[in-house]
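[1] have a look at this fold, sequence not included:
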């Protein structure tokens, strides 16, 4: 999942509390989804992107920017191992996406709607 996918999922989890009825199972699924997406994203950043970024910076100082962006840099065994090390973080984020599926299936028959505020009783002199 890329940048826009993470942004869309974050927006969905944020907005879901307004259109999904409040109950314990929904809150639990929303919490699991939220935390696993964030833990997965943090794992991918700190396990892969930061170390490869430091290696790339070091290589750009030694060999030049052109080499740090070349396919030869990404073919190094350490860089390949760090690319594969991001899989647990991606799996954690994927589990967060799938955490909401069983609850959605159970509620398929229910109608979800936005709660409507009750009308105020007018005082009479302005209306």
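    Everything's here; your move. The shown structure was predicted, so the numbers you read here are calculated from the model rather than taken from an experiment.

[2] low-confidence stretches in the chain?
    1, 21, 23-26, 99-127 (pLDDT under 70).

[3] mind listing the helices for it?
    Listed in chain order, the helices of the chain (DSSP state H) span 3-19, 24-44, 50-63, 65-68, 71-74, 77-84, 87-98, 101-106.

[4] where's the second one relative to the chain centroid, distance-wise?
    So the one you mean is helix 24-44. Distance, stretch centre to chain centre, for helix 24-44: 8 Å (Cα atoms, centre = their mean, to the nearest Å).

[5] who does that helix touch, helix- and strand-wise?
    Judged by 3 or more Cβ pairs under 8 Å, 6 or more residues apart in numbering; DSSP states H and E, the packing partners of helix 24-44 are helix 3-19, helix 87-98, helix 101-106. Backbone N, C-alpha and C define where each C-beta goes, glycine included.

[6] repeat that for 6 Å
    helix 3-19, helix 87-98 (3 or more Cβ pairs under 6 Å, 6 or more residues apart in numbering; DSSP states H and E).

[7] now the helices of the chain in JSON lines, with mean neighbour count?
    Below are these laid out as JSON lines (neighbours: other Cβ atoms under 10 Å):
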{"stretch": "helix 3-19", "mean neighbour count": "12"}
{"stretch": "helix 24-44", "mean neighbour count": "17"}
{"stretch": "helix 50-63", "mean neighbour count": "13"}
{"stretch": "helix 65-68", "mean neighbour count": "13"}
{"stretch": "helix 71-74", "mean neighbour count": "12"}
{"stretch": "helix 77-84", "mean neighbour count": "12"}
{"stretch": "helix 87-98", "mean neighbour count": "16"}
{"stretch": "helix 101-106", "mean neighbour count": "11"}
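
[8] who wins for proximity to residue 46 among the helices and strands packed on helix 24-44?
    helix 87-98 (8.6 Å; Cβ to Cβ).
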